[in-house]
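Student: Let's see this in three dimensions:
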Amino acid sequence: MASVLQLSSILHHHHYSRGSVATELAVDIVVTVGDVKFYLHKFPLLSKSSRLQTLVASTSEEGSDEVDISDIPGGPAAFEVCAKFCYGMVVTLNAYNVLAARCAAEYLEMSETVEKGNLVYKIDVFLSASIFRAWKDSIIVLQSTRPLQRWTDSLKVVNHCVDAIASRASTDPSEVDWSYTYSRRKLPSETDGDARGWNGVRKRQAVPRDWWVEDLCDLEVCLYRKVILAIKAKGRTGGAVVGEALRAYACRRLFGSLDHAVSDGLDCTKHRAALEAVADLLPAEKGSVSCGLLLKLLRASCLLESGQAYRGELIRRIGAQLERASVPDLLIPADSGDGDGDATYNVGMVAAMLEEFLLHHKVNGAEAEKREDGEDDVDVAADDPVTSSKLAAVAKLVDGYLSEIAKDPCLPLETFVALAESMPPLSRPVHDALYRAIDVYLKEHPGLSKGEKKRLCALMDCRKLTADASEHAVQNERLPLRVVVQVLFFEQVRQSAAAAAASAAPARSLILPRDDGASYGSSRSATTTATEDEQWGSGAVVGAPVTTSTSGGAGDAGSLRSMSQLSANENGRSGGGGDRKKAKGGAVAPAPVKRVLGKLWSGKASSGGSDDTSASPVGSLNLEETKSMSSQITRHSVS
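Tutor: The predicted structure follows:
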């Protein structure tokens, strides 16, 4: 309930109205306040105002009865309150006008030295006993200090208001029994469905820890900063609650209108002030501020082209919890001088976050790569299950981010490759998402040379593609021939292993089911009518079969010929009796890839495709390895 005070003095026989007083005595003084003139009497005014005594004395010497006090704080409305009090009329004070009246009374020097029980004393008592003990009244009074700053600073009213608000906000929620605003989400007791007890009496709603957050969003930036600093100084409010308060304030004062202000070229001074205040007030406790808020603050600093001093700290804090970020939050617009030309997004800033993440978790990409190659003496933080899960989450985030920035026609290839290579190999057990990012880049950059395509596709390990991704890759005309051949080969190895497992365990199922309900047959189906998004949307990401290979050694053309010969040998062993035959255990063996491989060889290679095989991407095989693979497939084949 709002605090209200009615003041009066002993002179009740005067009737006062704005500008004049109805009385038997003629007016003998005119007080001018701006454009308003007050026709009053000297006696009631001079008996309570030391300043008016001095002013009237000086004007009397000049033969004038007019006093100009246009510089009085609060203007005509505040002086009217003081004049009514002097005449003994009832004066109503509340949170909206009490501070202006207090400053006006200070200006008029209506203190106890002039008369006991004067206006200054009574307002001070009202402030201490009522206003500063009421939550919302304290906030209203604090808001009204801005136009009266010169006077409120000397009276220390701001300090009293700030301390009163901070004390209330630091109160234990179980002891809060006053009105507050809380409309961001429903209280837990309102969503339980059991808001009433067994006897039908409604239960008392639990007060949330951040009950005060919304009410403080009405404060201007400088006042809000003082209140939050006072709350933190009390030491009774957790960092998570302070972080939530800053999030709510940033949404109200910064994010809500920032894009509109920047696009329309409006003055963003208030937005910059809000950004700096929130960045300064961020609590130091780990996890007290969400990664999403930090990324939005970083994006705001880029849009406002300010906050350079805060970017390093924001990047450091984001890097410590990058696994909690989302791809849309990472799409930070590029600065005019970030060095990427006309690129749409600030990829360098995301790379800096990723570097902080790897440093924070003590993950080194080179060491992780050695570990993947089988060196057991390398100590990598990724061995920890928690760190491994975070690495996988960040790798998924990076691949999703690569898919988005790949749509930018101005994104340099080296920038794309450098970011993709930032993640250690152990963080990507499956390369489906990385393949999709590569495919998007190929689609949006059709002018890539063959060498650039090979450089791009070298990021991907064909052995780590799932069956669904392999099926898409085989039909992808944007991929170099060698990549398609590798996908076909490893898919054949996968199918052969599945056929061998099926023949070894006939009690299970004649045809091994896939996760999507289909059978394990050749993933290279006929041309489909589904869109690329539909093809990509199907199938869960599962681990690819593990095969060992070493790159380089024999000539690439010889490898292709060996693979082609391998397919022909398989067809010869089948006796030419069709694409499938019965295994010893009655299982159906997978179809050979002879027709698909032959079609690729005759169609692509004959039209200059040999240039695509001049260098081998990651996962290519030499002649000796192909023979080894051939023997493995022969052992698993069904005669």
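
Student: burial measure for D65, as a count.
Tutor: D65 has 14 neighbours, counted by other CB atoms under 10 Å. Yep, even glycine has a C-beta here, placed from its N, CA and C like the rest.

Student: show me the contacts for D218.
Tutor: Listed by CB atoms under 8 Å, 6 or more residues apart in numbering, the contact set of D218 reads 139, 143.

Student: Relative to A248, how far out is it?
Tutor: 11 Å (CB to CB, to the nearest Å).

Student: And for S138, nearest residue in space, chain neighbours not counted?
Tutor: Leaving aside its sequence neighbours, S138 sits nearest to A164 (CB to CB, 6 or more residues apart in numbering; 4.7 Å).

Student: The one you found touches R133, doesn't it?
Tutor: Yes: using CB atoms under 8 Å, A164 makes contact with R133 at a distance of 7.4 Å.

Student: Of those two, give the one with the bigger neighbour count.
Tutor: Per other CB under 10 Å, whichever of A164 and R133 has more neighbours is A164, with 23 against 15.

Student: which ones are touching that one?
Tutor: By CB under 8 Å, 6+ apart, the contact list for A164 reads 132-133, 138.

Student: so where does it fall, helix or strand?
Tutor: helix 157-169 (DSSP states H and E).

Student: List the buried residues in that helix.
Tutor: Within helix 157-169, the residues that qualify as buried are 157-158, 160-169, counting by 16 or more other CB atoms under 10 Å.

Student: Tabulate these (CSV), appending pLDDT.
Tutor: Formatted as CSV, these follow (pLDDT from 0 to 100):
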residue, pLDDT
V157, 90
V158, 92
H160, 94
C161, 94
V162, 96
D163, 96
A164, 96
I165, 97
A166, 97
S167, 96
R168, 96
A169, 96
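
Student: what's the farthest-apart pair in the residues you listed?
Tutor: V157 and A169 (18.5 Å; CB to CB).

Student: Leaving out chain neighbours, which residue sits closest to A100?
Tutor: Spatial nearest neighbour of A100, excluding adjacent residues (CB to CB, 6+ apart): G74 at 3.3 Å.

Student: Any idea how many residues pack against the one you found?
Tutor: G74 has 24 neighbours, counted by other CB under 10 Å.

Student: does it really touch A101, like I thought?
Tutor: Yes: the pair formed by G74 and A101 meets the contact definition of CB under 8 Å, at 6.7 Å.

Student: quick one, what contacts V141?
Tutor: Counted by CB under 8 Å, 6+ apart, V141 has contacts 95, 98-99, 127, 131, 157, 161.

Student: same thing but 7 Å
Tutor: V141 sits next to 95, 98-99, 131, 161 when contact means CB atoms under 7 Å, 6 or more residues apart in numbering.

Student: Flag the shaky bits of the stretch 251-400 of the chain, pLDDT-wise.
Tutor: Where the stretch 251-400 of the chain drops to pLDDT under 70, the residues are 336-341, 363-383.

Student: please redo it, this time with the cut-off set to 50
Tutor: In the predicted model, the stretch 251-400 of the chain carries pLDDT under 50 at residues 365-382.

Student: residue ranges of the helices in it, please?
Tutor: In the stretch 251-400 of the chain, the helices defined using DSSP state H, counting those that start in this stretch lie at 256-263, 269-281, 291-303, 308-320, 327-330, 347-360, 365-372, 385-405.

Student: Mean neighbour count and distance to C457 added to those, as a markdown table?
Tutor: Output for those, formatted as a markdown table (neighbours: other CB atoms under 10 Å; distance: least, CB to CB, whole Å):
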| stretch | mean neighbour count | distance to C457 |
| --- | --- | --- |
| helix 256-263 | 14 | 37 |
| helix 269-281 | 19 | 42 |
| helix 291-303 | 22 | 31 |
| helix 308-320 | 17 | 29 |
| helix 327-330 | 18 | 23 |
| helix 347-360 | 20 | 20 |
| helix 365-372 | 16 | 18 |
| helix 385-405 | 19 | 14 |
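
Student: Among those helices, which comes closest to L459?
Tutor: For the helices of the stretch 251-400 of the chain, the distance to L459 is smallest for helix 385-405, at 9.4 Å, taking CB to CB.

Student: Which neighbouring elements make contact with that closest one?
Tutor: Counting contacts by 3 or more CB pairs under 7 Å, 6 or more residues apart in numbering; DSSP states H and E, helix 385-405 packs against helix 327-330, helix 347-360, helix 413-421, helix 432-444.

Student: got the contact list for the longest one?
Tutor: If you take CB under 7 Å, 6+ apart as the criterion, helix 347-360 is touched by 315-316, 318-320, 322, 330, 332, 338-340, 394, 398, 401, 405, 415, 419, 422.

Student: go on, stretch 228-239?
Tutor: Under CB under 7 Å, 6+ apart, the answer for stretch 228-239 is 162-163, 166, 169-170, 242, 245, 281, 283, 285, 288.

Student: Tell me, how many residues neighbour L304?
Tutor: Neighbourhood size, L304 [other CB under 10 Å]: 19.

Student: could you list every residue that touches it?
Tutor: 268, 271-272, 275.

Student: mind running it again at 10 Å?
Tutor: Residues in contact with L304, defined by CB atoms under 10 Å, 6 or more residues apart in numbering, are 254, 258, 261-262, 268-269, 271-272, 274-276.

Student: Which one of the residues you listed is nearest to Y107?
Tutor: Proximity of the contacts of L304 to Y107 (CB to CB) peaks at T269, which lies at 31.0 Å.

Student: Would you check how far apart that closest one and S306 are?
Tutor: Applying CB to CB, the value for T269 to S306 is 10 Å.

Student: what's downstream of the strand or helix carrying V67, the next helix or strand?
Tutor: In the assignment (DSSP H and E), V67 maps to strand 66-68. Downstream of strand 66-68, the next assigned helix or strand under DSSP H and E is helix 75-86.
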